[in-house]
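Trainee: sequence first, predicted coordinates after that:
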Amino acid sequence: MRLKTRLNGESYAFKDLKTLLAKANEPKAGDRLQGIAAETVSERVAAKIVLSELTIGDITENPVIPYEEDEVTRVNIDGMNKKKYEEIKGWTIRELREYILSHKTSTDDLRRLSPGLTGEVAAAVAKIMSAMDLVYGARKIYCVTRCCTEIGQPGTLSYRCQPNSPTDNPQTILAGIMEGVSYGCGDACLGVNPVEDNVESTRRIADAVFDFMCKHDIPTQIVVLSHITTQMESMCKGAPLSMLFQSIAGTAPANDNFGVSRDLLNEAYALAREHSLGTGPNLLYFETGQGSEVSIGADCGVDEMTLEGRTYGFGRYFRPFMVNNVTGFIGPETIYDGKEMIRSNLEDHFMGKLMGLPMGMAPCYTSHSSIDQDDQEMGTMLLSLAGANYFMGVPGSDDIMLSYQDTSYHDDATLRELTGRLPAPEFHRWMIRMGLMDEKGILTDRAGDGSIFLV
Amino acid sequence: MENDKLKRIIADVLSEVMSSRQAGNGHASAAVFRNNLNAACDDGEVPDLSAVDFSQILATPEPANGEAYLEIKRTSTARVGTWRAGPRYRTETYLRLRADHAKAMDAVFEDVPEELIDKLRLLKVTTRCASKNDYLTRPDLGRQFDEETSRLIKDKCIPEADVQLIVSDGLSSTAVSHNIADVFPAIVQGLELKRIKLGTPIFVKYGRVGCMDAITELVKSKVTVILLGERPGLATSESLSAYMTYGGFVGINEAARTVVSNIYKGGTNPVEAGAHIADLIERMLREKKSGIDLSR
């Protein structure tokens, strides 16, 4: 591997691949906190230039954390198609970038390429792409998944309805769902984060949502986002859940901290195949985001974007129904400002799509960061242009349980109009039946009135 | 035929526009304009948008069952029933969201007033963070003190006290300004009644929870308590937390801290929280432990 170059009158030598990948990353607070970020703008660009000349083989065969030491590395490589890899391992990262962007490369070509890549290769190519490259490249790739219903078809844009309550009050949750679905939000799933992580609370919320869903015949998924082991126990005891949710990360120590492993996810999948409301084949729901590893001191010295790529290589193995990126949720020690948040979101969406995942995005912000409503809306519009599968829907942007701001029901309705995309087909037909939306996807005068479900 | 009809309509519209413009040029309308201008400059005040309790208001113009929906809406601060302008927020909804976010951001970026720190006679120190920006991006520096500050703490503070009290801005200065004048004296009084020996109370600027461990090592207190502002949400920026250790040290397990959170007028009442904290301190001193071990 050639890890040296001269640029703008200076010599640059990078110690190893891990260092090179960190230095080639766009500015990120989490990398600065770790002390691994490029020190000058020229050093950053020099790292990108050196990276562009490495091959897919160089990166795949020198993982940033060794195969023997880390389960995430093992799952990335075990889940990779070796035939496809043999075919492409001689390509440079520069060639990979241009292949992705070429007019001659079709959606189908990219979907056949995807199994030959590890998350670190996806991160490497994204590091030599601009914002518009990331949007253009991702836009070519779509990813259809099926649980109870199907989402992700070209021309559709879906949403998770997220009506959290700070007291797990089913009434508050249902009021949020009533209003959300009237705006067309909830075709990806009705998903609630409980305050109390226990079987009783998970069951109580799932029951309330399920009753409402059955009463109004809504074609969608139900998920309650307690810890996966809590959900598994609830599902075994009969809780009506369509899929199982879990946060995942890009190193084994971080996954340990989250209480998750390959064995546990395999077990969860097998359980869901038997006991979930969803008939699959996609029965899991993952949450990811840049900076989760560094925030708990489990980054192993790797930059936060490369770790996010590795997370996708881990997630791909379990064929999830949806993958939810929440870069921006932690705070300014990992993602400093609006620029870092928007750039990271575009990278994550691209890397995930390239890895063949059904990427949903939550460009979001907390109040102790300088990121604001405009940054969030700009990020969301760019991600819609890039073809994100779904976004969140939180009443009035304000999640009163998790204390952060995300996309709202209003944003969801607006994005469909702006991009000319429709809800998932079954959900769209339901909205037409309910008199909430027309054939072309325009909301009727009734939309926005949650009380239509209380008559 | 079609064309003629169209021409006639255009001619009608144009004449209407022209006639209304001419009327607008008259003296009478200039006077109206001046009057309106005066009205805009009077001493009146635009109503306080942050004072409106939106949980009591359903903005939907013709709800199918407004009463039933409002009944649920009243039980939480969820921003539902706000209606829409096209698919977007109504202006009031948008501006109130911005107002609540502004309050939360100001709570992070403002400092605790000096008078308040002086009034409680706290020893003022700063962590290794040089600015609010350092504080937000370097959690490690927010747990440490430089040599000079460490020496100051050692020199000025009563050593080996039963209890060392610390107040810190944390992520919300508002939480400190709103609650400290109630909660701090309540703790002190509680401890005096129990005849527990109190060290020299300290105010730490730019402090993370872990700075309490550095202080414990410097003053060798048995129990250490830090009161600091929590990450603000849009619903409130006033929430304060107390973290407590028995025999703390740098690197202590998080599970060894006893926590009382949600201290503010909408959560745990500050005066009651103070008394509760004093009781917990007494228990920690008696049982010589804190955190999960204490709950057992």
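Mentor: Happy to help now that I have it. This structure is a prediction, so every number in the text was calculated from the model and none was measured.

Trainee: not counting sequence-adjacent ones, nearest residue to residue B:63?
Mentor: Nearest non-adjacent residue to residue B:63, counting by CB to CB, 6 or more residues apart in numbering or on different chains: residue A:451, 4.4 Å away. C-beta here means a position set from N, CA and C on the backbone, and glycine is covered the same way.

Trainee: following element in sequence after the strand or helix carrying residue A:341, please.
Mentor: In the assignment (DSSP states H and E), residue A:341 maps to helix A:338-354. Going down the chain from helix A:338-354, the next helix or strand is strand A:359-361, by DSSP H and E.

Trainee: other residues contacting that next one?
Mentor: A:143, A:158, A:160, A:188, A:322-325, A:345, A:348-349, A:352-353, A:380, A:383, A:388-392 (CB atoms under 8 Å, 6 or more residues apart in numbering or on different chains).

Trainee: if you look at those residues, which of them are in strands?
Mentor: Using DSSP state E, the members of the contacts of strand A:359-361 that fall in strands are A:158, A:160, A:322-325, A:390-392.

Trainee: which of the residues you listed lies closest to residue A:8?
Mentor: Residue A:8 lies nearest to residue A:325 out of those, by CB to CB, at 34.4 Å.

Trainee: wait, the closest one sits on residue A:347?
Mentor: No - counting by CB atoms under 8 Å, residue A:325 sits too far from residue A:347 to count as a contact (9.7 Å).

Trainee: the more surrounded of the two?
Mentor: residue A:325 (30 against 27; other CB atoms under 10 Å in any protein chain shown).

Trainee: chain A contacts on the stretch 1-150 of chain B?
Mentor: B:60, B:62-66, B:68-69, B:72-73, B:75-84, B:86-89, B:93, B:97-98, B:100-101, B:104-105, B:107-108, B:136-140 (CB under 8 Å from any CB of the partner chain).

Trainee: repeat that for 7 Å
Mentor: Contacts of the stretch 1-150 of chain B with chain A, taken as CB under 7 Å from any CB of the partner chain, map to B:60, B:63-66, B:68-69, B:72-73, B:75-84, B:87-89, B:93, B:97-98, B:101, B:104-105, B:108, B:136-139.

Trainee: list the buried residues of the helix or strand hosting residue B:150.
Mentor: Using DSSP H and E, residue B:150 falls within helix B:147-156. Along helix B:147-156, these residues count as buried under the neighbour rule (16 or more other CB atoms under 10 Å in any protein chain shown): B:149-150, B:152-153.

Trainee: greatest separation within the residues you listed: which pair is it?
Mentor: Among those, B:150 and B:152 lie farthest apart (CB to CB), at 7.3 Å.

Trainee: how does the chain divide into domains?
Mentor: Using chain A. The record assigns chain A these domain ranges, following automatic domain parsing: A:4-139, A:145-454.

Trainee: to clarify, I was referring to chain B.
Mentor: B:52-109, B:114-295.

Trainee: make JSON lines out of the ones you listed and add mean pLDDT.
Mentor: Converted to JSON lines, these look like this (pLDDT from 0 to 100):
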{"stretch": "domain B:52-109", "mean pLDDT": "95"}
{"stretch": "domain B:114-295", "mean pLDDT": "94"}
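
Trainee: ranking these by burial, who's on top?
Mentor: Stretch with highest mean neighbour count among the domains of chain B: domain B:114-295 (a mean of 19; mean count of other CB atoms under 10 Å in any protein chain shown).

Trainee: and it, how far apart are its ends?
Mentor: One end of domain B:114-295 sits 37 Å from the other (CA to CA, to the nearest Å).

Trainee: what about that domain, distance to the chain center?
Mentor: 18 Å (CA atoms, centre = their mean, to the nearest Å).

Trainee: need the contact list for the residue of the stretch 351-455 of chain A found nearest chain B.
Mentor: Nearest to chain B, among the residues of the stretch 351-455 of chain A, is residue A:396, at 2.5 Å (CB to the nearest CB). Contact analysis of residue A:396 by CB atoms under 7 Å, 6 or more residues apart in numbering or on different chains lists A:408, B:79, B:82, B:93, B:97.

Trainee: can you map out the helices along the stretch 201-350 of chain A?
Mentor: For the stretch 201-350 of chain A, helices defined by DSSP state H, counting those that start in this stretch occupy the ranges A:228-236, A:252-258, A:262-275, A:292-295, A:304-316, A:338-354.

Trainee: would you mind finding the most buried of the ones you listed?
Mentor: helix A:304-316 (a mean of 29).

Trainee: contacts for that helix?
Mentor: A:21, A:25, A:28, A:30-31, A:64, A:72, A:75-76, A:79, A:118-120, A:122-123, A:248-251, A:286, A:288, A:290-291, A:293-294, A:299, A:323, A:334, A:347-348, A:351-352, A:355-357.

Trainee: my read: residue B:226 touches residue B:165, true?
Mentor: No - using CB atoms under 7 Å, residue B:226 makes no contact with residue B:165, being 8.2 Å away.

Trainee: nearest to chain B within the stretch 201-350 of chain A, name that residue for me.
Mentor: Closest point on the stretch 201-350 of chain A to chain B, by CB to the nearest CB, is residue A:332, at 4.4 Å.

Trainee: got the contact list for that residue?
Mentor: A:29, A:368-369, B:136-137.

Trainee: quick check: it vs residue B:164, distance?
Mentor: 30 Å (CB to CB, to the nearest Å).

Trainee: chain B contacts on chain A?
Mentor: Checking chain A against chain B by CB under 7 Å from any CB, the hits are A:29, A:33, A:165, A:169, A:171-172, A:175-176, A:179, A:332-333, A:336, A:366-368, A:373, A:395-398, A:400, A:403, A:410, A:413-414, A:417, A:443, A:448-452, A:454-455.

Trainee: quick one: residues contacting the residue of the stretch 151-296 of chain B at minimum distance from chain A.
Mentor: Per CB to the nearest CB, residue B:233 is where the stretch 151-296 of chain B lies closest to chain A, at 3.4 Å. Contacts for residue B:233 (CB under 7 Å, 6+ apart) come out as A:367, A:403, B:104.

Trainee: got TSV for these, with distance to residue A:318 too?
Mentor: As requested, the contacts of residue B:233 are exported to TSV (distance: CB to CB, whole Å):
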residue	distance to residue A:318
A:367	34
A:403	30
B:104	37
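
Trainee: so which of the residues you listed is the closest to residue A:277?
Mentor: Nearest to residue A:277 among the contacts of residue B:233 is residue A:403, at 30.2 Å by CB to CB.

Trainee: neighbours of residue A:214, just the number please.
Mentor: Other residues within reach of residue A:214, judged by other CB under 10 Å, total 10.
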